[in-house]
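3D, please:
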Amino acid sequence: MASRKYIQQLANSLIEENPRLPIAIDKIIKNQGLKLVPYDHKDGISGILMIEQNSATIGYASNESPQRQRFTKAHELGHFMLHRGGNLFIDKDFKTMYRPASSNAPSTEWQEWEANEFAACILMPEHLVKEEMKKIQIDYADDSETSWIEQLAKKFKVSVSAMSIRISRLGLQ
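So this is what the prediction gives:
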């Protein structure tokens, strides 16, 4: 099991060269030598990572929103960076996992948590989230707090739910 700190450091090392928003996930993936292949799946499969002897390919559902595609690509890159022992990862009906219920949870649950954590760290790096939050006028007393979360989500090109979860996990709300 990879620690949250290790995952964050790994993600940060990949964006060091180009830390501008939105994070250029396609470029990062290609710099790692992976191929990106869109496909039209209607059975709930968001992404696939296939690792062969000398190459790896990330497939992503082209019929999903651009924000969903970015998270899927980052998630599959997380599998590639963290779980190279496997050769095929199929991600269907992503679940939001704060952490598996116990350390005895099946390894697949931990792998999915780690890949989700990696995707959040690379698409929404903590230091950039904090930086952007300082730029936005946030009125915590205002019931329409989603407006500032929506602004951040748009800036990072992620979904509002992904940004909400990231802000919560970072303890910024």
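
Okay, now the unreliable bits of this protein?
For the chain, the stretches flagged by pLDDT under 70 are 42, 85-107, 137-146.

If we use 80, what do you get?
Residue ranges of the chain with pLDDT under 80: 1, 17-19, 41-44, 53-54, 84-108, 137-146, 173.

How are the strands of it distributed by residue range?
Along the chain, counting by DSSP state E, strands occupy 34-39, 45-51, 56-61, 88-92.

Turn those strands into TSV, including mean neighbour count and distance to L21.
All C-beta atoms are positioned from the backbone trio N, CA, C, and that covers glycine. Below are the strands of the chain laid out as TSV (neighbours: other Cβ atoms under 10 Å; distance: least, Cβ to Cβ, whole Å):
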stretch	mean neighbour count	distance to L21
strand 34-39	14	20
strand 45-51	21	22
strand 56-61	21	21
strand 88-92	15	25
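
Out of those, which is closest to I167?
In terms of Cβ to Cβ, the element of the strands of the chain nearest to I167 is strand 45-51, at 22.4 Å.

chain center to that closest one, what's the gap?
Centroid separation between strand 45-51 and its chain, computed with Cα atoms, centre = their mean, to the nearest Å, is 14 Å.

Send me that strand as PDB with only the CA atoms.
Output in PDB follows, covering the C-alpha atoms of strand 45-51 (Å, rounded to 0.1, in the frame of the first residue of the first chain):
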ATOM      1  CA  ILE A  45     -16.400   1.200 -18.400                       C
ATOM      2  CA  SER A  46     -14.700   4.600 -17.900                       C
ATOM      3  CA  GLY A  47     -11.100   3.500 -18.500                       C
ATOM      4  CA  ILE A  48      -8.700   0.600 -19.200                       C
ATOM      5  CA  LEU A  49      -5.000   0.300 -18.700                       C
ATOM      6  CA  MET A  50      -3.300  -2.500 -20.700                       C
ATOM      7  CA  ILE A  51       0.300  -3.200 -20.000                       C
END
